[in-house]
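**Q** Coordinates for the following, if possible.
(chains A and B)
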Amino acid sequence: MTRYVLKRLLLLPALLFLFSVTVFAIVQAPPGDFLTTYVATLASSGSSISAEQVEALRREYGLDRPIWVQYLKWMGNLARGHLGLSLEYQRPNAELIGERLLLTIVLALLSFVFTWAVAIPAGIYSAMHPRSPIDYVLTVVNYVGVATPNFMLALVLMWGAFAYLGMSVTGLFSPDFVEAPWSLARVVDLLKHVWLPAVVLGVAGTARLTRVMRANLLDELNKPYVTTARAKGLSEWRLVVRYPARLALNPLVSTIGWYLPALFSGSLIVATVMNLPNIGPLLLRALINQDMYLAGSILLIYCFLTIVGTLISDILLAWLDPRIRFEEG
Amino acid sequence: MTTPLLRVEDLRVHFFLDEGLVRAVDGVSFDVHPGQVVGIVGESGCGKSVTMKAILQIVEPPGRIVGGRILFQPDSGAAVDLTRLSPKGPALRAIRGAEIALIPQEPMAAFSPVHSVGEQIIEALKLHERQWRPSGPRLSRAEARSMTVDLFRSVGISMPEERIDAYSWQLSGGLRQRAMIAMALSCRPRLLIADEPTTAIDVTTQAQILNLLRDLQRRHGTAIVFITHDLGVIAQMARYVVVMYLGRVMEQGAVEEIFHAPKHPYTRALLRSIPSVNVAPRTLLPTIAGSIPHPLGRPRGCPFHPRCPDAIPGVCAERAPALRPVGSTQLASCFLYHRDEAVEP
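**A** Model (predicted):
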């Protein structure tokens, strides 16, 4: 088990290197650079900038150097813990990303907890009572949940909360706390606001997970070891939770790693609609403006979280399933 | 005659499929006396496994017990009709595993692959603790573990201390089945149901497992219902035999009578199709004419009549014969032996 984890950890730097090259290539892929976009933006707003000034800026930012030099410069900074400067905001990227990343992760974790806490029991119940009225109700709810775009759900909930409860549920903070420094009161305020976006973001995943859990468990329930456990005299709930549910979970655990990045990209529209100060809108803007170091840093952080998430799910899976532990050990 | 430990009376288990009704078990009766080994023999799909699942009330939907009684005689008091107990209720759960234990067909799949075999046996011990030990201190983990080690030793598993922490897929087929037997015996049941316990194991190991079961049966006096399609195994193990075909009992009786004086044409055909060392080389092995009908297309009357060489025209295809005495211990359901019932009353 320890060897298995160590092996995975040793792979981490190699993977990060590969990702950093890919990310940089992708960010650089659109024609032109930050300054081309900048000039175009200025032109559209009626002002202009001289060709000499553009060239001077290009030299200053190092945009005239070959791509691999730019990459090495970026990597050199990263190695020393600097995420670089945002070309657009003229502020350190770390500062721009910092709080938004934290809020994004809080939101992701909450929506993850919501998803699993609802989907697993619902899936188990459905599989234990297939074709029962509650199973049918859950099935319909699940299909609606999967089919409803989450921004749509966000709009409906926002409208409902405003029209009937007189509540404004956009953002993650009350107006008083948006710019306030962190304090206990601000955390409480965050908790008051964060649940709705967490639920909105989790609904589709919950619906999908319930269906998968139901299907997995139905397969497991027909296995002979369930008959053995039943013949042993275990009560139905105890035996289902102890044996088949445990086995039905394994394939789901291996998908935990994908959850975080999926949620990051999936939350973009919801974040825009609900005015959430998370990282999605920042990345979108950085990409549109070709603010390459900011976009690159965000993407690289995504990659890092994906790797970590996958590592966690691999460790969990090995811990849950001895067959994997022994094979890899 | 002692009171039977288990009496199955006119048991009917039907499967309600979308395609139609399958009468998997259709009027099966037999007795199991304390300490007796009863063999149930029949081709695949004859309902022998379903009968066993019905005794424990673990028939999977869409199957359901639709008729008959299953009387089980507890240590004291009157016999309990198991079909009247709720399949999920505590009364039946107290019988499962503790009074009636199951040795399943496929030991590989019958253990959970993510729990060690020892853990699964300790669970059974703890679950029925108050039944196999009505008083005394609560069973500690260490004690349950050492009991499991003893159980492993008693079923002939070498290095039991290491083996109880193994997972089922780390053990050989024979060891797995031994571990399964250890689990079935853990709560000292009075009736053991062995559902083709040697089918998935190679022949050498098969003989060892049969010897082990016979030995344990003698030592503990446990009654065993032994299900198999292998007549050779029945001859070795059982004292009493029930021959089933398409959900009905064709013939039953003491093993000597069934093997030496089979009455029912089906039993006779079955016995003829056993390979023997005494026949001339290169002769064809006799087989039973025709094949088992589709479960949904079960013949009217006696289910065996389309394949039966002695079928009485106009009778066997019309009505099903009842199980009637044909010898000192032998019963057969065949109109050949009670022609008086063959004519319409």
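
**Q** and the residue of the stretch 201-345 of chain B nearest chain A?
**A** Across the stretch 201-345 of chain B, no residue is closer to chain A than residue B:225, which sits at 13.1 Å (Cβ to the nearest Cβ). To be clear about C-beta, it is placed using only N, CA and C from the backbone, and glycine gets the same treatment.

**Q** if I look at that residue, how far off is residue B:103?
**A** According to Cβ to Cβ, to the nearest Å, residue B:225 and residue B:103 sit 10 Å apart.

**Q** list residues touching both of those two?
**A** Here residue B:225 and residue B:103 have B:192-194 as joint contacts, going by Cβ atoms under 8 Å, 6 or more residues apart in numbering or on different chains.

**Q** Pick the one among those closest to chain A.
**A** Distances from chain A to the shared contacts of residue B:225 and residue B:103, taken by Cβ to the nearest Cβ, are shortest for residue B:193, at 8.3 Å.

**Q** what are the pairing partners of the host helix or strand of that closest one, and which direction each?
**A** Under the criterion of DSSP states H and E, residue B:193 resides in strand B:191-195. Partners of strand B:191-195 in the sheet, by DSSP bridges, are strand B:100-103 (parallel), strand B:223-228 (parallel).

**Q** Buried residues, the first one. List them.
**A** By neighbour count, and taking 16 or more other Cβ atoms under 10 Å in any protein chain shown as the criterion, the buried residues in strand B:100-103 are B:100-103.

**Q** pLDDT for those - can I get that in TSV?
**A** Shown next, in TSV, are the buried residues of strand B:100-103 (pLDDT from 0 to 100):
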residue	pLDDT
B:100	91
B:101	92
B:102	92
B:103	91
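
**Q** what's the closest of those to residue A:207?
**A** Checking these against residue A:207 by Cβ to Cβ gives residue B:102 as the nearest, at 38.4 Å.

**Q** Any idea what that closest one is bridged to?
**A** residue B:193.

**Q** for it, what are its contacts?
**A** Counted by Cβ under 8 Å, 6+ apart, residue B:102 has contacts A:227-228, A:231, B:52, B:56, B:184, B:192-193, B:195.

**Q** now do residue B:58
**A** Residue B:58 neighbours (Cβ under 8 Å, 6+ apart): A:227, A:230-231, B:87, B:96.

**Q** Recalculate using a threshold of 7 Å.
**A** Residues near residue B:58 by Cβ atoms under 7 Å, 6 or more residues apart in numbering or on different chains: A:227, A:230-231.

**Q** just the buried members of those residues?
**A** Using 16+ other Cβ under 10 Å, the buried ones in the contacts of residue B:58 are A:227, A:230-231.

**Q** filter those residues down to the ones near chain B?
**A** A:227, A:230-231 (Cβ under 7 Å from any Cβ of the partner chain).

**Q** Looking at those residues, spot the one nearest chain B.
**A** residue A:231 (4.0 Å).

**Q** For that closest one, give me the pLDDT.
**A** pLDDT, residue A:231: 89.

**Q** And residue B:1, by the same measure?
**A** You'll see residue B:1 listed with a pLDDT of 55.

**Q** what is the orientation angle of the longest helix along chain B with strand B:191-195?
**A** Longest helix in chain B, counting residues (DSSP state H): helix B:203-220. Using axes from the mean of the first three to the mean of the last three Cα atoms, to 10 degrees, the inter-axis angle of helix B:203-220 relative to strand B:191-195 is 170 degrees.
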